[in-house]
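Starting from these lines, generate the structure:
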Amino acid sequence: MFKDSFIPILNKYNLQKDETLLIANKVLNDNLIIKYNYIPRHLDDDWEQLYYPNVKYSWQINLDSSTNMAMLHLHSLEPVSYLLLAYDFSLQPSYLEKAWEMTLDWYNHSNNSDHYYLWYRHCVAERAVVLSQLYNLKNQMDLSEDEEEKLLDLIVTHKSFLYKAENFVYHNHGLLMDMGLIALCLVSSDYLLLQHSIKRVKKNFNDTFTDNMICVENSISYSVFNIEQFIKCEKYLFKPFDETISLEFDTKMELALDFLHLILQPDNKFPHIGDGEQINLDFLKTLSIYKFYNNHLIFKQSYDNSTFKVYKEEGYIVLRTEKLYLFITAGDIKKNHKHADDLSFILFYDKEIFIDSGIYSYNNDKLREYQTSSSAHNTIVLNNETYNYLSNDAKAVEVLYYTENNSYYYIVVKNSSYSYAEIVRHFYVIKDTSTIIIYDEIKANTPILASQFFNLSKEISECLEYIGDNNSLEINKDVYMKFENDAFLEFFNGRNSHNVNAINSNKFHDYQPIIKLSINKIDKNPELLTIVSNTSNHDYTIKNKEDTLFLKTSKYSLNLQKLKVDFVNNSNIKEYINITRIGHTIFCETIAKYFEYQEYAWDIIKDGKKIDQIWYQESNKFNYTFDRLGIYSIRVYVRNISNKEEKKSFLNPQKVII
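Predicted coordinates for the structure are as follows:
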């Protein structure tokens, strides 16, 4: 009865018949395809770890960096979904028999095991749709009485898990859970629980999108995923029994696509921010989004060559002209899939110039730690430190101001997430030359290292040629940069770095080395001013006065007004070691006032163990050079000079990554 409802949901990659049968035949011949085009990467790759000729499957598989992805999709019963799709296309009983064989084996495994993925909500949600289709087809299977009881037991246990409030989360995981629960309710005629799930989907829809129909999850790929799943839920699950997620559902989906249309890059890719792979317009055309909304302008590839749009609530800014594409992020609605990328930007001229570093995987390793860090993005970073972007106040990041006049666009964004300093970043875009001026103001209590980071695109990085002097840089004749005399330049090459600190990942488990550069200054209240242009005529001079930047070239001069910003007073910081770093050497100043006359000592800690000590001295400053790579912490001791038995200590929150 519900065959037409479940098949499009099972077919999450929108596979065609021939492709589906190829995948299912591999599974039928005991070669697991866990996630199509990922595990294994190609259908003709025969991995020994994925070959199970004796029916008994290994449900706890180790594939190194791909283990998490493999376990998630394996326990979502994705190989079973391929078999069910093949059966739907062909009606060959062998696919259905194999699907039940694998499901039964998983059932036995689940009753004798205890690991994270058995009842991980994402796995349960997708598994529920698989189980619903199996239950839907139970009359086509020759099940014993015992097997029917086991299938019913699976239906009941999965409904119970998906219903319970303590297991539920909102946004994309919650939607998947309710889609699974609705499928289970439909095949088991549980209309009371069905109504509960319908109410949850409607609330989730309102919570997942802002009034502008922009997804609150900080990733364009997750935004598309949410749009796609809500469309499938509406069209395949709600519509058959005359329900709707919203009376204005289609209008709202059109509005969501308006935003995607607006931010689409010149190469038909979407900005790669936050978690998830980078996606493009061709990918959208494989989805239900295209099936139901193919008349939208985004699919007509019709663009307005002059677009300046600011979404202040969400913190997105896009500027498109005939010569330039600029996308800026400065917002914090929810923490889902967020990186420490506030005040970062993506830039196109006639090609990609500055790009986001992307994401390689969800593994909690050094690679993910880097790619979610501030220094992996085209933003301003203090002391090579990533602020706590997952627990900071959402109001700490915001769009302060934006305007357009005859000569230039002007945007001001703020980040006060660092505990000891506040950043205000000014973007000026000169209209006739597409020149960008980035002016960063930082207010702090002590001297700090301020760094503007720039990730060069793969195309530029692969054939890097640059000419530079003390304060200017020409890269591949594609981009020209000029910065102040008292700033210093540093390059990071992903090909020869000991640390993974200059890479780009557009797809999971695949990354390329790139070139990254930083412009740096050490000062108490540092200001960094950098000019970026795509024209060889870069004879700019600029003077920074209190309320104006005076820009002068051989052809014109401009007075660029500066927004006056009231900075927060950070003088209430009581305990902190301010760390600046050059290479492997750190320069530290301790801020802590406990006694009238005091002296200081420090422990250098690695992996929870003290590896070195700097003994008591009256100066609150020291420097230290590390001789090996690692992640270090510093504990400070402060004691009373008048009474050396009186002392206090604290572990500095900032870690030193060498």
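
For burial, what's the neighbour tally of residue 92?
In terms of burial, residue 92 registers 14 neighbours under the definition other CB atoms under 10 Å. Placement of C-beta: from N, CA and C, glycine included.

So what does the residue nearest to it when sequence neighbours are not counted look like in phi/psi?
Leaving aside its sequence neighbours, residue 92 sits nearest to residue 86 (CB to CB, 6 or more residues apart in numbering; 7.3 Å). Torsion angles at residue 86 (phi, psi; degrees, to the nearest 10) stand at phi -60, psi -40.

any weak-confidence spans in the stretch 551-658 of the chain?
Per-residue confidence for the stretch 551-658 of the chain (pLDDT under 70) gives these ranges: 569-573.

Which residue ranges of it form strands?
When assigned using DSSP state E, counting those that start in this stretch, the strands of the stretch 551-658 of the chain occupy the ranges 557-561, 576-582, 585-591, 598-606, 609-617, 621-625, 631-640, 647-651, 656-657.

Let's have those strands in JSON lines, adding mean neighbour count.
Converted to JSON lines, the strands of the stretch 551-658 of the chain look like this (neighbours: other CB atoms under 10 Å):
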{"stretch": "strand 557-561", "mean neighbour count": "15"}
{"stretch": "strand 576-582", "mean neighbour count": "21"}
{"stretch": "strand 585-591", "mean neighbour count": "19"}
{"stretch": "strand 598-606", "mean neighbour count": "19"}
{"stretch": "strand 609-617", "mean neighbour count": "12"}
{"stretch": "strand 621-625", "mean neighbour count": "14"}
{"stretch": "strand 631-640", "mean neighbour count": "18"}
{"stretch": "strand 647-651", "mean neighbour count": "14"}
{"stretch": "strand 656-657", "mean neighbour count": "22"}
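
quick one, which of those is nearest to residue 72?
Each of the strands of the stretch 551-658 of the chain was checked against residue 72 via CB to CB, and the shortest separation belongs to strand 631-640, namely 27.6 Å.

got a list of contacts for that closest one?
577, 579, 588, 590, 592, 594-595, 597-607, 610, 616, 626, 646-652, 655-658 (CB atoms under 8 Å, 6 or more residues apart in numbering).

how about a cut-off of 6 Å?
Around strand 631-640, the neighbours that count as contacts under CB atoms under 6 Å, 6 or more residues apart in numbering are 577, 590, 592, 594-595, 598, 600-603, 605-606, 646-649, 651-652, 655-657.

Contacts only, for residue 56.
So, once contact is read as CB under 6 Å, 6+ apart, residue 56 ends up touching nothing.

rerun that using 10 Å as the cut-off
Taking CB atoms under 10 Å, 6 or more residues apart in numbering as the definition of contact, the neighbours of residue 56 are 105, 108-109.

swap in residue 328?
When contacts are taken as CB under 10 Å, 6+ apart, residue 328 is in contact with 271, 310, 315-319, 342-347, 378-379, 399, 402, 411, 413, 425, 427.

can we see that at 7 Å?
The contact partners of residue 328, by CB atoms under 7 Å, 6 or more residues apart in numbering, come to 317, 345, 411, 413, 427.

among those residues, which are in strands?
Secondary structure of the contacts of residue 328 is defined by DSSP state E; positions in strands are 317, 345, 411, 413, 427.

And the pLDDT for the second one?
At residue 345, the pLDDT value in this model is 98.

circling back: including distance to residue 448, could the strands of the stretch 551-658 of the chain go into JSON lines?
Formatted as JSON lines, the entries for these read as follows, by distance: least, CB to CB, whole Å:
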{"stretch": "strand 557-561", "distance to residue 448": "26"}
{"stretch": "strand 576-582", "distance to residue 448": "6"}
{"stretch": "strand 585-591", "distance to residue 448": "9"}
{"stretch": "strand 598-606", "distance to residue 448": "18"}
{"stretch": "strand 609-617", "distance to residue 448": "21"}
{"stretch": "strand 621-625", "distance to residue 448": "14"}
{"stretch": "strand 631-640", "distance to residue 448": "16"}
{"stretch": "strand 647-651", "distance to residue 448": "19"}
{"stretch": "strand 656-657", "distance to residue 448": "14"}
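
of the ones you listed, which approaches residue 77 most closely?
Where the strands of the stretch 551-658 of the chain are weighed against each other on CB to CB, the nearest is strand 631-640, at 38.4 Å.

That closest one versus strand 647-651: what angle between them?
Direction vectors for strand 631-640 and strand 647-651, defined by axes from the mean of the first three to the mean of the last three CA atoms, to 10 degrees, enclose an angle of 160 degrees.

Only the buried residues of the helix or strand in which residue 516 is found, if you could.
For residue 516, the element it lies in under DSSP states H and E is strand 515-523. Neighbour counts over strand 515-523 (16 or more other CB atoms under 10 Å) mark 515-523 as buried.

Can you list the helices and strands that it packs against?
Contact partners of strand 515-523 among helices and strands, from 3 or more CB pairs under 7 Å, 6 or more residues apart in numbering; DSSP states H and E: strand 448-455, strand 488-493, strand 527-533.

Comparing those strands, which stretch has the densest surroundings?
Each of the helices and strands packed on strand 515-523 was given a mean neighbour count from mean count of other CB atoms under 10 Å, and the largest, a mean of 25, is that of strand 448-455.

in its sheet, what does that one sit against?
Using DSSP bridges, the neighbouring strands of strand 448-455 in the sheet come out as strand 380-382 (antiparallel), strand 515-523 (antiparallel).

Of the contacts of residue 56, keep whichever come out buried.
Among those, those classed as buried by neighbour count (16+ other CB under 10 Å) are residue 109.

Go through the contacts of residue 56 and say which is closest to residue 202.
Taking CB to CB as the measure, residue 109 is the one of those closest to residue 202, at 35.8 Å.

With residue 208 as the reference, measure out to residue 78.
With distances taken as CB to CB, to the nearest Å, residue 78 is found 24 Å from residue 208.

Distance of residue 162 relative to residue 10?
17 Å.

out of those two, which sits in the busier spot?
Shown here are residue 162 and residue 10; by other CB under 10 Å, residue 162 has more neighbours (27 against 21).

Number of residues surrounding residue 524?
Here the number of neighbours of residue 524 (other CB under 10 Å) works out to 11.

Where does pLDDT dip in this protein?
Low-confidence segments of the chain, defined by pLDDT under 70, are located at 1-3, 55, 497-499, 536-538, 569-573.

tell me the domain ranges of it?
3-208, 304-561, 576-657 (automatic domain parsing).

Quick one: closest of those to residue 252.
Nearest to residue 252 among those is domain 3-208 (8.4 Å), distances taken as CB to CB.

Can you pull up the most central residue in this protein?
Note on the chain: the residue nearest the mean C-alpha position is residue 274, at 1.7 Å, using CA atoms, centre = their mean.

who's in contact with it?
By CB under 7 Å, 6+ apart, the contact set of residue 274 is 218-219, 337-339.

tell me which element it falls in.
Residue 274 belongs to no helix or strand when assigned by DSSP H and E.

which non-adjacent residue is nearest it?
In space, residue 274 is closest to residue 219, 3.3 Å off (CB to CB, 6+ apart).

how many neighbours does that neighbour have?
Counted with other CB under 10 Å, the neighbours of residue 219 add up to 25.

In the stretch 151-300 of the chain, what residue spans correspond to helices?
Along the stretch 151-300 of the chain, the segments classed as helices by DSSP state H, counting those that start in this stretch run 172-188, 191-208, 220-232, 249-263, 281-284, 288-293.

List the contacts of the fourth one.
In this case it means helix 249-263. The contact list for helix 249-263, computed with CB under 7 Å, 6+ apart, reads 209, 212-214, 227, 231, 234, 246, 270-271, 293, 296-298, 307, 309, 318, 327.

if you set the cut-off to 6 Å instead, what comes out?
By CB under 6 Å, 6+ apart, the residues outside helix 249-263 that reach it are 213-214, 227, 234, 271, 296-298, 309, 318.

Among the residues you listed, the buried ones, what's the ChimeraX command?
With 16+ other CB under 10 Å as the criterion, this ChimeraX line picks the buried residues out of those:
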select :213,214,227,234,271,296,298,318
